[in-house]
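Visitor: Okay, sequence plus prediction incoming.
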Amino acid sequence: MPTLTIDGQEITVEANTTVLQACEELGVEIPRFCYHDRLSIAGNCRMCLVEMEKSPKPIASCAMPVGEGMVIHTNSPVAEKARKGAMEFLLINHPLDCPICDQGGECDLQDQAVAYGRGGSRFDEHKRAVKDKYLGPLIATTMTRCIHCTRCIRFATEIAGVEELGATYRGEETEIGTYIEAALTSELSGNLVDVCPVGALTNQAYAFSARPWELRKTESVDVHDAVGSNIRIDCRGAEVMRILPRLHEDINEEWLSDRSRYAVDGLALQRLDQPYVRVDGKLKPASWEAAFAAIRARLDGMGAARGERIAAIAGDMADVESMLALKELFTALGSANLDCRQDGAKIGGKHRGGYLFNSTIAGIEDADALLLVGCNPRWEATMINARIRKRWLAGGFPIGVIGGVAGAGDELTYNYDYLGDGPAALADIADGSHHFTATLAAAERPMIVLGSGALARDDGAALLDLARRIAQDTGMISADWNGFNVLHRAASRVGGLDLGFLPGESGRDVAGILDGAGKGEIDLVWLLGADEIEMAALGQAFVVYQGHHGDAGAHRADVILPGAAYTEKDATWVNTEGRAQIGRRAAFPPGDAREDWAILRAFSAVVEQPLPYDNLQQLRQHMVTEVPSAGAIDVIAAADMGDFGVAGKVGAEPFASPVDDYYLANAICRASAVMAECSRLYTGTGGAGQAAGTTSADG
């Protein structure tokens, strides 16, 4: 390991470390624009110039590997003069429009011009102007501000896996764009705004809305999928203005999916802000007392057999606290008809390892073979897909895919071997007759990922059994590695399974509840934000919808209880790898809406079955006694495996992708005008190809 001297301090670092990285280890700040920790080195901006003894000129510290005996000066007159010169060049054509730029207050160029630049410019030529480029409905461009750092190009190519950005022309005429005026077809495109060090790429939906110093910042977690990406919610007053990624190396690193970032406008639209009761076929506003009284009257009319005639379904965004309260309420009412699996996945809560992403998201980087079954991580868990691509780029990572994608094309952002479209290929791997069995067996840390495209079928339990046997037979499970993984799509799913929000003895699952409601055997169904079921199948049942948006469940409801969205409550969610995380309240719910657990606690008193907690602290203490893993925040505990799944015959039907429209996957997204535009552009007639040729005028 080489030893070098930086500003008089000796430091020993790993071989192939750059001078800039060595400086950072010492806490020495080096300005930069083109360099980014997670992107390849470009060496474009020259802002990171430092003086190296025995070198005839300053060196670019981001691109220079350390060497034994190097002597570096970061703040010498030579280095300072070089930086001022580099900044002067960068600002030759910059419009200097900071007062109207959305990047103002968060701009690297602004900050570094003050810290390292000259007080003026020696250039008096006319500034060049560059036509703004069309990158789709999510990113606003002001390309005259671009300093050609190429971060956006490298992110799109390396992280997103969509080679649609590049540079045309040369020298001062260089322009960054998509070559053919097409919208970017990446579900990670919003991160281009984060990596851009100037105001060339900004958030189109947030444009000219607020300044960063006006916003109140709250750390929370995302619930648009089961990944549990860490986010920061920025509010002005009661309005959520934007959502940004927050660093968490083990989950989302510093990236965020477009759906999680841009569906923010849906939080203010189609909101339920007061209770409603259906009278003479029409929903009419009501007080909380009247809404509760209507539900109690229905329960009282069922007599002693009401426990068998009521049921509850938890939706995809429900938090652990509210599901626990709903479960205990219905248990007190004598009902075993509970289910948190809206999609009907055939997974149970007996063995925790049978429904977790046991390898962990960060553990993907340690794997050396992968089998995807009935899932498309790109649309079901975008940040997990990005992690798979990161591992694939490192090499030595064969990937096999069974179903979940359109075929042996380029639907995923990495190369894969398409093994088949249904259970037959999985059965061949299980009995050892498929060539990919040998690939898995030869790997030291192989992994299998089972998605809801396989589990949410009638033969899902048999497919789960097949996958478990493959994991055991190919050495996926050992003392220091567990390669068996279930990929969930719903933020509530693992928390619900941990709680046991499942049918009790002789209880009904989602399919049974819908069937019973249609036949008149279930009289009351309580939907906790459950909008993804077939509402018509509920027949004449009395439906209580507790949620935050006027979506499918609210349209079908007989009583609506307005709840809080994920940005409006302190709550716990457990992600697909079994990691419990706390979301913080950034704003208050609108109108008379309340947090879900509080609604259930209040109703429990009305039906004379009061729940044993009066505030959130008491509820969480109770929750930890019931489910200890829910109290271990940001910790992943080893899960027991055991035997899960049910041996049986599997069908011949191919695995279908469970994601019809990535941009309209839940009630918040369906209320979002931005997501509706993305859906029209990317998944309308002609699919993603429709984006090509769209101009800024009709975009």
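Guide: Received it, and whenever you're ready, just let me know what you need. Numbering: from 1, shown residues only.
Visitor: Which residues are in contact with the nearest residue to residue 436 once chain neighbours are set aside?
Guide: Once flanking residues are discounted, residue 436 sits nearest to residue 400: 4.6 Å by Cβ to Cβ, 6 or more residues apart in numbering. Placement of C-beta: from N, CA and C, glycine included. Counting by Cβ atoms under 8 Å, 6 or more residues apart in numbering, residue 400 makes contact with 370, 371, 372, 416, 417, 419, 436, 439.
Visitor: swap the cut-off to 7 Å and go again
Guide: 371, 416, 417, 419, 436 (Cβ atoms under 7 Å, 6 or more residues apart in numbering).
Visitor: TSV please, covering those and showing pLDDT.
Guide: Shown next, in TSV, are those (pLDDT from 0 to 100):
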residue	pLDDT
371	97
416	95
417	95
419	95
436	95
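Visitor: Now find how far off-centre stretch 504-524 is within its chain.
Guide: Using Cα atoms, centre = their mean, to the nearest Å, the distance from the centre of stretch 504-524 to the centre of the chain it belongs to is 33 Å.
Visitor: Can you list the neighbours in contact with that stretch?
Guide: Here stretch 504-524 has contacts from 298-299, 302, 309-311, 313, 336-339, 341-342, 344, 503, 525, 533-534, 537-542, 544, using Cβ under 7 Å, 6+ apart.
Visitor: Ok, stretch 231-249 next?
Guide: Against stretch 231-249 from outside (Cβ under 7 Å, 6+ apart): 194, 203, 206, 209-210, 214-222, 229-230, 252, 254-256, 260-261, 264, 267-268, 362, 567, 586-588.
Visitor: For that stretch, C-alpha coordinates in PDB please.
Guide: Extracted C-alpha coordinates of stretch 231-249, given in PDB (Å, rounded to 0.1, in the frame of the first residue of the first chain):
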ATOM      1  CA  ILE A 231     -36.200   9.500   1.500                       C
ATOM      2  CA  ARG A 232     -36.400  13.200   2.600                       C
ATOM      3  CA  ILE A 233     -39.700  14.900   2.400                       C
ATOM      4  CA  ASP A 234     -39.600  18.600   1.800                       C
ATOM      5  CA  CYS A 235     -42.700  20.600   2.800                       C
ATOM      6  CA  ARG A 236     -43.800  24.200   2.800                       C
ATOM      7  CA  GLY A 237     -46.600  24.600   5.300                       C
ATOM      8  CA  ALA A 238     -49.000  21.700   4.800                       C
ATOM      9  CA  GLU A 239     -47.900  21.000   1.300                       C
ATOM     10  CA  VAL A 240     -45.400  18.400   0.300                       C
ATOM     11  CA  MET A 241     -43.300  20.100  -2.400                       C
ATOM     12  CA  ARG A 242     -40.800  17.400  -3.300                       C
ATOM     13  CA  ILE A 243     -39.300  14.100  -2.300                       C
ATOM     14  CA  LEU A 244     -35.600  13.400  -2.500                       C
ATOM     15  CA  PRO A 245     -33.400  10.300  -1.900                       C
ATOM     16  CA  ARG A 246     -31.600   9.900   1.400                       C
ATOM     17  CA  LEU A 247     -28.300   8.000   1.700                       C
ATOM     18  CA  HIS A 248     -28.600   4.400   2.900                       C
ATOM     19  CA  GLU A 249     -25.900   2.200   1.500                       C
END
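Visitor: Show me which residues of it are buried.
Guide: Across stretch 231-249, burial judged by 16 or more other Cβ atoms under 10 Å covers 231-235, 240-246, 248.
Visitor: Neighbour-wise, give me the winner out of the contacts of residue 400.
Guide: residue 371 (31 neighbours; other Cβ atoms under 10 Å).
Visitor: what sits against that residue?
Guide: Residue 371 touches 400, 436, 440, 448, counting by Cβ under 7 Å, 6+ apart.
Visitor: And it, how far from residue 430?
Guide: Note on residue 371: its distance to residue 430, by Cβ to Cβ, to the nearest Å, is 11 Å.
Visitor: before we move on, the earlier item: adding distance to residue 156 and secondary structure, write the contacts of residue 400 out as a markdown table.
Guide: Converted to a markdown table, those look like this (distance: Cβ to Cβ, whole Å; DSSP: H, G, I helix; E, B strand; the rest coil):
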| residue | distance to residue 156 | secondary structure |
| --- | --- | --- |
| 371 | 28 | strand |
| 416 | 20 | coil |
| 417 | 25 | strand |
| 419 | 29 | strand |
| 436 | 31 | helix |
